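Colleague: When you get a sec, could you give me coordinates for this:
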Amino acid sequence: MIKTLVLSRYIRPLGWIAIVICAVTWWMDLTEIVKTCPFCRTERTVIGLLGILMVLPHYRYISIFLTCLFAAVGLVTASQHLFLMIKNWHFSLNTPLVIIALCLLSGELLLLIERTWLNRKKSDTK
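Modeller: I've put the predicted structure just below:
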């Protein structure tokens with residue numbers, strides 16, 4: 001049985017990378033390098049919030065609740081953004097960025113759930 005995934009050992013550095021991605025994309029938005037988009041703003045904010053959760057210590061129920069809440073908002077927003085682009089046949093240079101945001105949010109959610117699962121297993125054996 002797998003006791004830990006390879007990426008779960010690197011959850012804090014990956015959290016810092018997510019925070020840096022969030023900060024850089026917000027800087028690009030505020031300096032008007034990219035167009036203002038409410039979908040994009042929601043996605044980058046959620047990426048940063050999940051990054052903060054990855055860096056902070058794990059608290060059993062609070063972490064689970066916040067992870068599921070933020071990830072649900074981010075995944076729904078990224079999915080709606082992508083489907084809106086597909087529906088309107090509006091493919092641009094931003095389309096791969098939306099797909100990357102969707103993958104990033106999914107990956108962060110899986111890492112945080114896996115960390116919660118491993119901590120639950122450790123506390124059950126004690």
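Colleague: Which helix or strand contains the spatially closest residue to Thr116 that is not a sequence neighbour?
Modeller: Nearest residue to Thr116 in three dimensions, chain neighbours excluded: Ile64, at 5.4 Å (C-beta to C-beta, 6 or more residues apart in numbering). Placement of C-beta: from N, CA and C, glycine included. Using DSSP states H and E, Ile64 falls within helix 60-87.
Colleague: Give me the distance between Phe39 and Leu111.
Modeller: 23 Å (C-beta to C-beta, to the nearest Å).
Colleague: how about the helices of the protein, start to end?
Modeller: With DSSP state H, the ranges of helices along the chain come out as 11-30, 38-55, 60-87, 95-125.
Colleague: before we move on, back to that, for Phe39 and Leu111, indicate the residue with more neighbours.
Modeller: Leu111 (22 against 17; other C-beta atoms under 10 Å).
Colleague: Give me the spatial nearest neighbour of the residue positioned nearest the centre of the chain, chain neighbours excluded.
Modeller: Centroid-nearest residue in the chain, with C-alpha atoms, centre = their mean: Leu105, separated by 3.1 Å. Sequence neighbours aside, Gly74 is the residue nearest to Leu105 in space, at 4.4 Å (criterion: C-beta to C-beta, 6+ apart).
Colleague: Please name the residues that touch the one you found.
Modeller: 42-43, 46-47, 50, 101, 105 (C-beta atoms under 8 Å, 6 or more residues apart in numbering).
Colleague: Can you list the low-confidence ranges for this structure?
Modeller: Along the chain, the parts satisfying pLDDT under 70 run over 1-8, 90-94, 117-126.
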